[in-house]
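> Prediction below, plus the sequence it came from.
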Amino acid sequence: MSQERLFRQRHPLLTGFFILGVLLMFFGFGITFFVVSMGRQAGTSHFLVTDNETVGIIQLKGLISDADKILDQLLQFRQLKSVKAVVVRIDSPGGAVGASQEIFSEIARLNKVKPVVASMGSVAASGGYYAALGAGKIVASPGTLTGSMGVIFKFPNLEKIFQKIGYKDEVIKSGELKDIGSPSRPLTAEERALLQDLLDEVHEQFIRDIAQSRNLPAEDVRKVADGRIFSGETAKKLGLIDQLGNFNDAVSLAASLAGMESDTPTLVYPEDDDLSLFKMLAEQNASSLLRGLISRNPILSFE
């Protein structure tokens, strides 16, 4: 009698649980694939290019790590003549400085060609707010968390932990500041001053773009651009957004700005070249994974 058969006879309960676990795993994958596929199929009609006048919808969600996908979508809608206006739905706490600025610039470029309205979800703060500044109009709910207009650069100092475990970096560098931010030692005064100058410079860029985009005095912006967050209602009072409302209000506003007759126009979404299950599942965890990476690697961020 084989060992496998003998095990099954002696441990029928464990064998049953194992088989049940395998079946549940395959069932779970099957359900996930079915739901995701149905969701994509249900939205497929929105991907079709039509001769009718439409409003394009772009979704900026989660931590902003790179701008490539959003830039491609903005370009796609800029080139589609049937898309008369665009709503950028933002639900993001911010992210990398460069990516946030790229998205801001491209939204502003699109807004010169056709109306763009930024619709803020639960959170559109820091880099998320920066991106919204490129739109001609910004709409937020009264309780939307926005603002957080500041810049941060953080990395761990593991010097004492390394000492306890006997770990030591051997560094060979071409310049005195080449290993700035090394986790194996504290910052020098010169390094701290250099990084502070860098943050101050980028912060001034943020303030400048807010002042220009919102037509506000730079000094007024500087008073509230200290990292604090605002509700959508407070942001409206400060002139940081244009209107209180939800996503549907933003769509109606975009349609009106484009001179469309209907305030409930047909919505179109960008085409997605990769509809693979693994890609869609991976995207769900991208933001949380990126947070872990950012905590380990110094990245200049709007957070």
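Done, it's in.
> all contacts plus neighbour counts: C-alpha atoms, from now on.
OK.
> The host helix or strand of Leu198 packs against which elements?
Using DSSP states H and E, Leu198 sits in helix 189-214. Here helix 189-214 touches helix 218-224, going by 3 or more Cα pairs under 8 Å, 6 or more residues apart in numbering; DSSP states H and E.
> Show me what counts as buried in the helix it packs on.
Across helix 218-224, burial judged by 16 or more other Cα atoms under 10 Å covers 221-222, 224.
> Got the phi and psi for Gly95?
Backbone geometry at Gly95, expressed as degrees, to the nearest 10, gives phi 160, psi -150.
> Any idea what it is bridged to?
Legend: beta-bridge partners of Gly95 under DSSP bridges are Ile64, Phe302.
> got a list of what it touches?
By Cα atoms under 8 Å, 6 or more residues apart in numbering, the contact set of Gly95 is 63-65, 126-128, 301-303.
> Check Ser100 too.
With Cα under 8 Å, 6+ apart, Ser100 has these contacts: 64, 66-67, 94, 127-128, 130-131, 302.
> Could you tell me whether it really is in a helix?
Yes - judged by DSSP: H, G, I helix; E, B strand; the rest coil, Ser100 forms part of a helix.
> Distance of the residue lying closest to Leu133 once chain neighbours are set aside relative to Ile207?
Leaving aside its sequence neighbours, Leu133 sits nearest to Ser213 (Cα to Cα, 6 or more residues apart in numbering; 6.0 Å). Distance, Ser213 to Ile207, using Cα to Cα, to the nearest Å: 10 Å.
> and what of Leu110?
Between Leu110 and Ile207 the computed distance is 22 Å (Cα to Cα).
> Looking at those two, which is more packed in?
Ile207 (25 against 21; other Cα atoms under 10 Å).
> residue contacts, the more buried one?
218, 221-222, 225.
> A helix includes Pro142, no?
No - per three-state DSSP, Pro142 lies outside any helix segment and is coil.
> so where's the stretch 51-200 of the chain uncertain?
Residues of the stretch 51-200 of the chain that meet the criterion pLDDT under 70 lie in 51.
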